[in-house]
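Asks: need a structure here:
(6 chains)
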Protein chains: 4
Amino acid sequence: MLHLGPMTEGRQLTNQGMERKQQLLDHAAELFAERGFAETRVADIVKAAGVAKGLFYWYFENKEAVFRELVELNRHRLRQHQAAAMDRSAEPLLQIRQGTEASVHYMATYASFFALLEVESLDKQFTDELRKGTEIHTRDMAALLRRGVADGTIRDDHVELLAYGVVSTVGMYAHLHRTGRIPMPVDELAAFVARFVVCSLASHEDGARRVLAAPRRQVEPMAPAAGATQE
Amino acid sequence: MLHLGPMTEGRQLTNQGMERKQQLLDHAAELFAERGFAETRVADIVKAAGVAKGLFYWYFENKEAVFRELVELNRHRLRQHQAAAMDRSAEPLLQIRQGTEASVHYMATYASFFALLEVESLDKQFTDELRKGTEIHTRDMAALLRRGVADGTIRDDHVELLAYGVVSTVGMYAHLHRTGRIPMPVDELAAFVARFVVCSLASHEDGARRVLAAPRRQVEPMAPAAGATQE
Amino acid sequence: MLHLGPMTEGRQLTNQGMERKQQLLDHAAELFAERGFAETRVADIVKAAGVAKGLFYWYFENKEAVFRELVELNRHRLRQHQAAAMDRSAEPLLQIRQGTEASVHYMATYASFFALLEVESLDKQFTDELRKGTEIHTRDMAALLRRGVADGTIRDDHVELLAYGVVSTVGMYAHLHRTGRIPMPVDELAAFVARFVVCSLASHEDGARRVLAAPRRQVEPMAPAAGATQE
Amino acid sequence: MLHLGPMTEGRQLTNQGMERKQQLLDHAAELFAERGFAETRVADIVKAAGVAKGLFYWYFENKEAVFRELVELNRHRLRQHQAAAMDRSAEPLLQIRQGTEASVHYMATYASFFALLEVESLDKQFTDELRKGTEIHTRDMAALLRRGVADGTIRDDHVELLAYGVVSTVGMYAHLHRTGRIPMPVDELAAFVARFVVCSLASHEDGARRVLAAPRRQVEPMAPAAGATQE
DNA sequence: AATGAATGAGGATTCATTCAT
DNA sequence: AATGAATGAATCCTCATTCAT
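Replies: The predicted model follows:
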C-alpha cells in the first residue's frame, strides 16, 4: 500500500537498456497508431517486442507514460525537422510551404501516431498538456502569417484560425495517407498539401504561383529513428 | 414467466420508451464525444441518464450498437442539412461554400462526436463501414469539384485529394470549435471556413471573390435533435 | 482513464444486497484475522462467500475499504458493548473491571481481527485514523482513572500510560486467546484479565479485593453479529 | 564461467561483505518495523541501502531469510540483555522487575520490529517457530512466577497467563513508545512498566513497595547494533 | 561482489453483459 | 419497463527471484 514509487525516474540505463527501451517505444508507437491507446494492451506491446511483461514496467511507469514519452519525443523531432526545412530568410509564405512539405514528410514517414494526439482522451491533465504543445506550434505559425499579412502576400483574415488550418491540414492529410486512403508517394502528397495550404492563404494568385514555383529546398533524408514506424 | 426479453430489433417502443432511448442516446453522444468510445463506460452513460444499468440493454444490443445508431442518425441528418443548404443549380464553388457553411453549423451545433468517427477503432469491420460512409461523401464532393474544374472555376489539381481536404477541413474546424479552442460564434466560424475552403479551391481570385460575395442562403434553423449536444 | 468513480457511495441496497454485503464482510473479517490483510486475496474472500469476483467491487470500493468498514463497525460495537456493561454510577475501578470483562468477551467472541488494528500498516493516513480511534478510547479510560486516583482507589501513577496499559492488555489477551495459545473458556479468561488489570491499578489490596468481589453484572448475551467470526 | 554463485550458507564474507550485509539487515529491520513484512518490498530494502537489487540475493536466500535472521539475532540479544540485568540470586519479583526494565530498554532502543513477531503471517511453519520462541520465554517467566507464588510474594493466580501478561506488556509498551505515542525518556518508561507489572503480580502492597524501592541494577550501556533502529 | 536487466506467476480492479425479480 | 445484483473474462500492474555481464 505504501511504496517508494517506481524507480523509473533517474534510473541510469546501460546501452543495452536504452536499446530495449527504444524497442518498446517503437512497438508501442506502432500499436498505438494502429489501434489507439485504449485498444492497445501492454501485453501486445511486450509481445511485439518479444520480452516479458514485467520488463515494460522496468522502463516505464505505466502505459500512459510511454504515450507521453512518445508524444514528447516526436513533437521535438517534428520541430527540428521543420526548422531544418524552413529558410528563415525567405518570405513567410515560402517558409510555410517549406514547413508544410517537411511536416507531411515527417508525419507520413515516421510519426504514424500523430493522428492520436488530438483525439485520444487520456486524463484531462494530459489532454491539456498536449493542447498546450499544439498551441505553441500554432502561435508560431500565426506569427509567420501575420508577417505575410503585413507584407500583403497573405490574405487578411483571422490569423489564429488560419494558423490552426495550416497546422491541422497537414496532420489531416498525413492521417489519411497513413490509413491508406491516399495511395500516393509522399513527395507527391507533400507537394499537393503545400499547394492546398498556399492557395488557401495567398492573397493573390501571383504570390501563390511564385512561392509554389520556388525550387524545393534540399533536406537531408531522415534517418529511421526512435518512436517511429517506418512503413 | 414468459416474457420476450430485450429484443432491440423491430420492437415497438411506447412514447415513454422512445424518450428513454433518446435520453440514453443523447448522453452517450455527449460522453463519446468527450472521452471517446473506449473510455466511455456503459455505467457512465446510464449514470448520466439516471437509470439502472440493466435498462441500457433493453434499448440497445450493446455498447457498439449505440455508437452505430448515433453515427447513422447523424450522418443522415448532416446529409439532409447539406442538401437543404446547397442550391443545386448554382455553380459548383458556390454549392461548396453553401455546403461547407451548413456543415460547420451542423457539426458545431449538434454533432459533437463527429471527430470520433475517423479515429476510434472499434472492430475493423465497423471502421470500414464508417469509412465507406465518408467516402461516399467525398465522392460526391469530388464530382462537384470535377464540374468546377471543367468550367474553369476550380483549380486543376488532384480532385480526390481536394475533396478530402474540403470534407475534412470542415470536420477539423468543427472539432476545434467544439473543444473550446475557437471561442467564436458559429456563424462567424462558418463564414471563415467557407472562405478558407473556397480560397484553397478557386482557380483565380475573381471566382473566389464572386462566390464569397453571394448572399448566404436562408436555411431554417435546426431543431434540437437526437444524439447531439446543444451547448 | 477518466471515470466517474465507483458507485459504492450512496448506493441504495436492497435487502438481499445488504445480506450479501454482510456475508462478504463476515468472510473478510475471518480471513483478515487468520492471515492478515496483505495475505488475504480478494479472490479468497469471494471464494469463501461463494460469489463471483466482480461482486466484491459492487459492494466495496476496494480491499482496503472492507477493512475500514470492518474497523468502523467493530469499534462501534465494542463501544456499545462496553457501555452496556459498565455501571456508570459505580466506583471507577469497578467500572474498569466491568469494561474489561465485557471487552474480553467481545473481542474473544466476535472480533477476531482486532489484533490487526495495531499492526497492519495500510497507508499512513489510515493508520493515523485508526490510532485516533484508539486514542479516544484511551482518553476515556484516562478520565476514569483520574477519578479513581482522585478518590484514592487507584494508585497515583502516569494516567495516560495506565490507560494504554488497560486498553492494550485486554487486546493482547484476546489475541492470545484467539490464536489458540490460551485454551480456556472466555468467562474464565475475562475474570483473569479483570484481576490482572485491577491489581495493576489498585492503590491498595482492599480496594482490589472489594472490586473483584462484586458480583458480575448481568449483560444480555451477544447476538452473533456482522463482521465477526464466531469460533 | 565457473563461479560458485550465491551460496548464502556457510559463506566466508570479507569485512566489506559483512558491512554490506549489516547495512541490508539494518534497513530491512527498519522497514519491516515501519510497514510490516508483507508491505516491505525487496526493492525498498535495496533502495534504502543504496545497492542494486541483485545484491540482496547474494547475501540472503530470500526475503523471509532476512526476517528470520533478524528475529534470531534480536531474540538472542534480548536474552543476553535480560540475563545480564537479572540478579539470579534476588527474589523472583525483583528479578522480574529487573528483566522488565532491561527488556523495555532493549526493545525501545533497538528492536523496533519486535511488535511484528506476533502478528505477521509468513508461512505457518515460521509462525509456529516464532511462537515456540516466545513460549520458551514465557515458560521461563512462568517458572520464576511459580517461585514467587510459592514464597508468597506473588499472588496465586494462573501463572501461565500471568507470564504471558508480563512478557506481552513489555512488548506492548515498547511498541507504543516506538510508534511515537509515548513521548517519554526510555528510563522513565522502563520504570513505569516495571511498576505496572510488579503491581499486577504482587500479592500484597508491601512486597511491591519493597521490590520497587530496590535500586536499579547497573547495566553497561548497549552498543548500537545490528537490525536495530537507533532513533 | 556488484550491477542492471529480465522473467512470469500472481493479484487487484474494471466493465460489458446477463439474470432474477 | 425497470431495477439492482451477479458474472467472469480481460487487463493493468507488482514484485520475488533469477540471469548475464
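Asks: Might one say that residue A:130 is in contact with residue A:72?
Replies: No: assessed by CB atoms under 8 Å, residue A:130 is found out of contact with residue A:72, at 10.2 Å. (Glycine included, C-beta is placed from N, CA and C.)
Asks: In terms of neighbours, single out the busier of those two.
Replies: Higher neighbour count among residue A:130 and residue A:72: residue A:130, with 19 against 13, using other CB atoms under 10 Å in any protein chain shown.
Asks: The helix or strand where that one lies and chain C, any residue contact?
Replies: Using DSSP states H and E, residue A:130 sits within helix A:124-150. Yes: interface with chain C: helix A:124-150 contributes residue A:124 (CB under 8 Å from any CB of the partner chain).
Asks: near DNA strand F at all, that helix?
Replies: No: Helix A:124-150 is not in contact with DNA strand F by CB under 7 Å from any atom of the strand; minimum separation 13.1 Å.
Asks: List the buried residues for stretch A:145-164?
Replies: For stretch A:145-164, a neighbour-count test (16 or more other CB atoms under 10 Å in any protein chain shown) marks A:145, A:148-149, A:153-155, A:157-164 as buried.
Asks: now do stretch A:169-185
Replies: Under 16+ other CB under 10 Å, the buried positions of stretch A:169-185 are A:169-179, A:181-182, A:184.
Asks: what do you get for stretch A:63-83?
Replies: So, applying 16+ other CB under 10 Å, buried residues of stretch A:63-83: A:63, A:66-71, A:73-75, A:77-78, A:81-82.
Asks: cool, stretch A:50-59 as well?
Replies: Within stretch A:50-59, the residues scored as buried using 16+ other CB under 10 Å are A:51, A:56, A:57, A:58, A:59.
Asks: Going by distance to chain D, which of those residues wins?
Replies: When the buried residues of stretch A:50-59 are ranked by distance to chain D (CB to the nearest CB), residue A:58 comes first, at 10.7 Å.
Asks: that older thread, now, the buried residues of stretch A:63-83 that are in helices?
Replies: A:63, A:66-71, A:73-75, A:77-78, A:81-82 (DSSP state H).
Asks: got JSON lines for the residues you listed, with distance to DNA strand E and pLDDT too?
Replies: Shown next, in JSON lines, are those (distance: CB to the nearest atom of the strand, whole Å; pLDDT from 0 to 100):
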{"residue": "A:63", "distance to DNA strand E": "13", "pLDDT": "94"}
{"residue": "A:66", "distance to DNA strand E": "15", "pLDDT": "93"}
{"residue": "A:67", "distance to DNA strand E": "17", "pLDDT": "91"}
{"residue": "A:68", "distance to DNA strand E": "20", "pLDDT": "89"}
{"residue": "A:69", "distance to DNA strand E": "16", "pLDDT": "91"}
{"residue": "A:70", "distance to DNA strand E": "18", "pLDDT": "90"}
{"residue": "A:71", "distance to DNA strand E": "22", "pLDDT": "85"}
{"residue": "A:73", "distance to DNA strand E": "18", "pLDDT": "86"}
{"residue": "A:74", "distance to DNA strand E": "23", "pLDDT": "84"}
{"residue": "A:75", "distance to DNA strand E": "25", "pLDDT": "84"}
{"residue": "A:77", "distance to DNA strand E": "23", "pLDDT": "86"}
{"residue": "A:78", "distance to DNA strand E": "28", "pLDDT": "86"}
{"residue": "A:81", "distance to DNA strand E": "29", "pLDDT": "89"}
{"residue": "A:82", "distance to DNA strand E": "33", "pLDDT": "89"}
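Asks: quick check, nearest of these to residue A:36?
Replies: In terms of CB to CB, no member of these lies closer to residue A:36 than residue A:67, at 10.6 Å.
Asks: about what we covered before: save the buried residues of stretch A:63-83 as TSV, and put in distance to residue B:199 too.
Replies: Compiled in TSV, the buried residues of stretch A:63-83 are given as follows (distance: CB to CB, whole Å):
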residue	distance to residue B:199
A:63	43
A:66	41
A:67	36
A:68	37
A:69	39
A:70	35
A:71	32
A:73	35
A:74	31
A:75	29
A:77	31
A:78	26
A:81	27
A:82	23
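Asks: right, and out of the residues you listed, which lies closest to residue C:86?
Replies: Nearest to residue C:86 among these, counting by CB to CB, is residue A:63 at 56.0 Å.
Asks: quick one: that closest one from residue D:75, how far?
Replies: Residue A:63 is 46 Å from residue D:75, where distance means CB to CB, to the nearest Å.
Asks: ok, back up a step: among the buried residues of stretch A:145-164, which two are most distant?
Replies: It's A:153 and A:164 that sit farthest apart of these, by CB to CB, at 19.6 Å.
Asks: Briefly note if whatever helix or strand residue A:43 lives in comes near chain B.
Replies: Here residue A:43 sits within helix A:42-49, counting by DSSP H and E. No: judged by CB under 8 Å from any CB, helix A:42-49 stays clear of chain B, getting no closer than 12.9 Å.
Asks: thinking again about what came up before, with respect to DNA strand F, which of the buried residues of stretch A:63-83 is nearest?
Replies: Relative to DNA strand F, the closest of those is residue A:63; by CB to the nearest atom of the strand it sits at 3.9 Å.
Asks: Does that closest one touch residue A:39 like I think?
Replies: No: using CB under 8 Å as the test, residue A:63 is too far from residue A:39 to be in contact (11.6 Å).
Asks: Which helix or strand in chain A has the lowest average pLDDT?
Replies: When each helix and strand of chain A is scored by mean pLDDT, DSSP states H and E, helix A:114-119 comes last, with a mean of 61.
Asks: OK, contacts around residue A:92?
Replies: Residue A:92 is in contact with A:144, A:145, A:147, A:148, A:151, A:153, A:154, counting by CB atoms under 8 Å, 6 or more residues apart in numbering or on different chains.
Asks: again, only using 10 Å
Replies: Contacts for residue A:92 (CB atoms under 10 Å, 6 or more residues apart in numbering or on different chains) come out as A:141, A:143-151, A:153-154, A:201, A:211.
Asks: Wondering if the one helix or strand residue A:56 maps to reaches chain C at all.
Replies: Using DSSP H and E, residue A:56 sits in helix A:53-59. No: counting by CB under 10 Å from any CB of the partner chain, chain C has no neighbours in helix A:53-59; the shortest distance is 17.5 Å.
Asks: Sort out for me which of the buried residues of stretch A:145-164 are in helices.
Replies: Short answer: those in helices (DSSP H) are A:145, A:148, A:149, A:159, A:160, A:161, A:162, A:163, A:164.
Asks: which one among these gets closest to chain C?
Replies: Relative to chain C, the closest of these is residue A:164; by CB to the nearest CB it sits at 25.1 Å.
Asks: any idea how far residue A:62 is from that closest one?
Replies: Separation of residue A:164 from residue A:62 (CB to CB): 32 Å.
Asks: what's the neighbour count on the spatially closest residue to residue A:40 that is not a sequence neighbour?
Replies: Counting by CB to CB, 6 or more residues apart in numbering or on different chains, residue A:40 lies nearest to residue A:31, which is 4.4 Å off, once chain neighbours are set aside. By other CB under 10 Å, 22 other residues sit near residue A:31.
Asks: And the one 5 residues further on, by the same measure?
Replies: Burial of residue A:36, expressed as a neighbour count using other CB under 10 Å, amounts to 21.
Asks: Quick check: it touching residue A:44?
Replies: No: applying CB atoms under 10 Å as the test, residue A:36 and residue A:44 come out as separate, 11.8 Å apart.
Asks: Go ahead and confirm the residue nearest to residue A:40 touches residue A:41.
Replies: Yes: at 8.6 Å, residue A:31 counts as touching residue A:41 under the criterion of CB under 10 Å.
Asks: Mind listing the shared neighbours of these two?
Replies: residue A:47.
Asks: if we can go back for a sec, can you tell me if the helix holding residue A:43 touches DNA strand E.
Replies: No: Helix A:42-49 does not reach DNA strand E (CB under 7 Å from any atom of the strand); its nearest approach is 7.6 Å.
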